[in-house]
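# Let me see the structure of the following:
(one chain, ligands or ions: 2)
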Amino acid sequence: MRGKGIRIEGLKKRYGKGDTAVDALKGVDMQVAPGEVVGLIGPSGSGKSTLLKCLGAVIEPSAGLMALGDEVIYDKGWKIRDLRALRRDRIGFVFQAPYLIPFLDVTDNVALLPMLAGVPNAEARKRALDLFKALDVENRARAMPSQLSGGEQQRVAIARGLVNRPPVILADEPTAALDSVRALAVIRILEQMASQYETAIIVVTHDEKIIPTFKRIYHIRDGITYEEAGEGRGVD
Ligand SMILES: Nc1ncnc2c1ncn2[C@@H]1O[C@H](COP(=O)(O)OP(=O)(O)O)[C@@H](O)[C@H]1O
Ligand SMILES: [Mg+2]
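Numbering: from 1, shown residues only. Ligands and ions are numbered 1, 2, ... in the order given. As a prediction, the model looks like this:
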């Protein structure tokens, strides 16, 4: 179970200090089991990106606890030395903006990460192509990022977030630029990843097209999360 699943307890994040301090997270509790895809929904400024950045070790929380599986990674301070390795090997990010490397073609943009992690080149490229097929961009595999539409870039960025099969995937509005068929395809791939590799996945979204697919949803408001009450959320 090492590294599988997410547990967050009493997580707080304050930006700045004194009069201008902003309490972006005020004690967040959240749990995502291995194999689960949960939605995180809240208005602009409610703390969604801050929560993902803390969990992804991009910024440091101010208090609380975070664990991946049975390993505590933060408890009033980082509990692991190599945060860079944590981000690289154990967290898959899918951001709203694609951030592709402009001088590498689409396949290299995605295959680079597993190559850096020691996966043989042919295997890394095969993984990238399999994801492109599932995301309906395989005909763009040799294109440069600047030749892609916004939606294609976003799908390539999604492939990049998944290609290393990290135990945790953090997606911030991954389907914002996609039509409903492609948005639902993205969710289907995330669900497949989750069940195949016991990945724990958090998807921040406003997207009405995909919200009914989540079996469990957390709402966040003013830095506090609430799990949606009631059973029988829409099934896909
Ligand atoms: N780097 C920062 N410095 C100061 N305040 C910030 C910073 N990033 C976010 N905030 C503030 O923290 C709160 C939560 O922001 P954010 O996590 O980006 O919300 P969301 O992603 O839900 O829109 C907001 O009030 C925002 O203005
Ligand atoms: Mg945000």
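# Tell me the buried residues in the lengthiest helix in the chain?
Longest helix in the chain, counting residues (DSSP state H): helix 180-197. Buried positions in helix 180-197, judged by neighbour count with 16 or more other Cβ atoms under 10 Å: Arg182, Ala183, Leu184, Ala185, Val186, Ile187, Ile189, Leu190, Glu191, Met193, Ala194. All C-beta spots, glycine's among them, are computed from the backbone N, C-alpha and C.
# Among those residues, which pair sits farthest apart?
Using Cβ to Cβ, the pair of the buried residues of helix 180-197 lying farthest apart is Arg182 and Ala194, separated by 18.8 Å.
# if you skip the residues just before and after it, what's nearest to the residue sitting nearest the centre point of the chain?
Geometric centre of the chain, nearest residue: Leu170, 1.4 Å, by Cα atoms, centre = their mean. Nearest in space to Leu170, with sequence neighbours left out and distances taken as Cβ to Cβ, 6 or more residues apart in numbering, is Leu52 at 4.6 Å.
# and the gap between that neighbour and Pro120?
To Pro120, Leu52 is 31 Å away according to Cβ to Cβ, to the nearest Å.
# now swap in Ile211 and tell me
39 Å.
# Close to ligand 1: what parts of this protein are there?
Tyr15, Gly16, Val22, Ala24, Gly42, Ser44, Gly45, Ser46, Gly47, Lys48, Ser49, Thr50 (Cβ under 6 Å from any ligand atom).
# My guess is the third one contacts Gly16. True?
Yes. A contact is recorded between Val22 and Gly16 when judged using Cβ atoms under 8 Å, the distance being 6.2 Å.
# State the number of residues packed around Asp89.
16 (other Cβ atoms under 10 Å).
# That one - that's part of a strand, no?
No. Checked against DSSP: H, G, I helix; E, B strand; the rest coil, Asp89 lies outside a strand; its state is helix.
# Would you mind confirming that it makes contact with Ala117?
Yes. Here Asp89 reaches Ala117: they are 6.5 Å apart, a contact under Cβ under 8 Å.
# Can you work out which residues contact both of those two?
Asn164 (Cβ atoms under 8 Å, 6 or more residues apart in numbering).
# follow-up on the earlier one: what's the helix or strand for the residue nearest to Leu170?
In this assignment (DSSP states H and E), Leu52 forms part of helix 48-55.
# for the record, mean pLDDT for the very next helix or strand once past that helix?
Using DSSP H and E, the helix or strand that directly follows helix 48-55 along the chain is strand 63-68. On average, the pLDDT along strand 63-68 is 97.
# so what does strand 63-68 touch, helix or strand wise?
Strand 63-68 sits against strand 6-15, strand 22-32, strand 71-75, with contacts defined as 3 or more Cβ pairs under 8 Å, 6 or more residues apart in numbering; DSSP states H and E.
# got those strands as JSON lines, with mean pLDDT and mean neighbour count columns?
Shown next, in JSON lines, are the helices and strands packed on strand 63-68 (pLDDT from 0 to 100; neighbours: other Cβ atoms under 10 Å):
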{"stretch": "strand 6-15", "mean pLDDT": "98", "mean neighbour count": "18"}
{"stretch": "strand 22-32", "mean pLDDT": "97", "mean neighbour count": "19"}
{"stretch": "strand 71-75", "mean pLDDT": "96", "mean neighbour count": "17"}
